[in-house]
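**Q** sharing a model prediction with you, sequence too.
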Amino acid sequence: MIRFENVSKRYPDGTTAVDDLSFEVKAGELVTLVGPSGCGKTTTMKMVNRLIEPTSGRIYLDGEDVAGIEPVKLRRRIGYVIQQVGLFPHKTILENTATVPALLGWKKAAARERAAELLVLVGLDPVTFGSRYPHQLSGGQQQRVGVARALAADPPVLLMDEPFGAVDPVVRQRLQTEFLNLQERVRKTVLFVTHDIEEAVRLGDRMAVYGTGRIEQFDTPATVLGAPATPYVAEFVGSDRGLKRLSVTAIEPTDLEQPPTVRLDDTVAAAAARMREEDARWAVVLDPEGVLHGWVPAETLARAKNGTVRAHARRMDAWVPVGASLKQAFATMLQYDAGWIAVLDGARFVGVLTPALLHEALRRSIDAESSGVERAAVTIESVG
Ligand SMILES: Nc1ncnc2c1ncn2[C@@H]1O[C@H](COP(=O)(O)OP(=O)(O)OP(=O)(O)O)[C@@H](O)[C@H]1O
């Protein structure tokens, strides 16, 4: 959707801001550009909507060379969100949001209707906020208006330059979450500039880590964190990159162990026999509908002799949905002080995750062959 081919930018004073840059952003993909101040991120972004012209190289938008597209027409296809929001102070929030449709010649009523829809989309009630002026909104709310306004003409591409840079960390996290949810729905092709590694990792489908004027690594956050391409990238992502990786690696069904499962209404004898067969020390207990109830130790059943599992089962509430991050799984383990947690798909029990399996899953997120990472033997006792 956006393709850079050998793009360089030298400013008249001789500064090379960007040197021979080539990369591609696929349709519907969110790519974060991250790096220290002055490394060329903003220059890269502004060349896409021709606020800055490259010295050499070509940039294609949906296969079309942007150099051949009239800038005003080009910018209608590209939403632009910047840190200093740039709302018109004397226009209401609704009018601000309707700016682009109005410029495009939409009828006033249609433009206002579209603006109201967009405010809803970014979580602002148009009845409450529509008639206010920018100074009557918090920083976070103003940023939401900035996003709504950029989406107004439904452009396929969004350029976002440190859009959440000016708000405090709590609001910033909230805006990030909201934006991720929004992106799930609208699936724009997004170039997102930030100097914050956490933000780049959290938001990016892929991320471009900048050195001075060039990209040092362009890959998924999991790979950048798991296998930094250069010592520079390793230093930039930080020595706690292992921890950061927990939040970008999702639990997959293949990561899980499958202890035997028994039902609440199974007889003790039948359940104990099954566990002996599988040589298991404990089993997961499901209710008659197959919903997780808890667990039962083999020893308890062996002593019990008669009755059903119900009388001996222990409750277990530590679970996460399949697809949750390893960070969420780890946090749940700590919260419940549990040696394992259940993983559910809806209400269906899928398997269990232990600390050892969590460790394995973290290793899976690295392409071991290409990064030369050794797989250490994991010797922690397993469930079965
Ligand atoms: N108009 C200009 N004339 C000369 N040099 C410039 C100009 N604009 C930017 N530069 C230089 O180009 C380099 C890249 O700047 P750019 O704004 O792209 O960096 P950035 O990564 O976005 O930085 P920041 O995170 O601080 O915004 C810097 O060294 C900057 O000083």
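**A** Arrived safely, thanks for sending.
**Q** near the ligand, which residues of this protein are found?
**A** 11, 13, 15, 17, 35, 37-43, 195 (Cβ under 6 Å from any ligand atom). Every residue, glycine included, has its C-beta placed from N, CA and C.
**Q** can you tell me which of those residues are in helices?
**A** Among these, the members falling in helices are Lys41, Thr42, Thr43 (criterion: DSSP state H).
**Q** touching whichever strand or helix holds Val201 from outside, list them.
**A** Here Val201 is covered by helix 197-203, with elements defined by DSSP states H and E. Contact with helix 197-203 is made by 30, 32-34, 164, 172, 176, 179-180, 192, 194, 207, 209, 221, 224-225, 236-238, 244, 247-248, as judged by Cβ atoms under 8 Å, 6 or more residues apart in numbering.
**Q** now stretch 101-113
**A** Under Cβ under 8 Å, 6+ apart, the answer for stretch 101-113 is Arg76, Leu94, Glu95, Ala98, Arg114, Ala115, Ala152, Ala153.
**Q** rewinding a little: what subset of the residues of the chain next to the ligand is buried?
**A** Taking 16 or more other Cβ atoms under 10 Å as the criterion, what is buried in the residues of the chain next to the ligand is Ala17, Gly35, Cys39, Gly40, Lys41, Thr42, Thr43, His195.
**Q** so what sits opposite the nearest residue in space to the second one that is not next to it in sequence in the bridge?
**A** Nearest non-adjacent residue to Gly35, counting by Cβ to Cβ, 6 or more residues apart in numbering: Tyr210, 2.9 Å away. For Tyr210, the beta-bridge assignment (DSSP bridges) gives partners Ile215.
**Q** on that earlier part again, any chance of the buried ones among the residues of the chain next to the ligand in TSV, plus pLDDT and distance to Val7?
**A** Listed next are those as TSV, based on pLDDT from 0 to 100; distance: Cβ to Cβ, whole Å:
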residue	pLDDT	distance to Val7
Ala17	92	11
Gly35	92	16
Cys39	92	15
Gly40	93	10
Lys41	94	13
Thr42	93	14
Thr43	95	10
His195	88	21
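**Q** and the furthest pair within those?
**A** In terms of Cβ to Cβ, these reach their longest pairwise distance at Ala17 and His195, which sit 15.3 Å apart.
**Q** for Thr267, give me the pLDDT.
**A** We have a pLDDT of 94 for Thr267.
**Q** to clarify, my last question referred to Ala200.
**A** Looking at Ala200, the pLDDT reads 93.
**Q** and the gap between the spatially closest residue to Leu264 that is not a sequence neighbour and Ala331?
**A** Distances taken as Cβ to Cβ, 6+ apart place Arg310 nearest to Leu264, at 4.5 Å, with adjacent residues excluded. Applying Cβ to Cβ, to the nearest Å, the value for Arg310 to Ala331 is 31 Å.
**Q** over to Asp13?
**A** Distance from Asp13 to Ala331, by Cβ to Cβ: 50 Å.
**Q** fine by me, we can end here.
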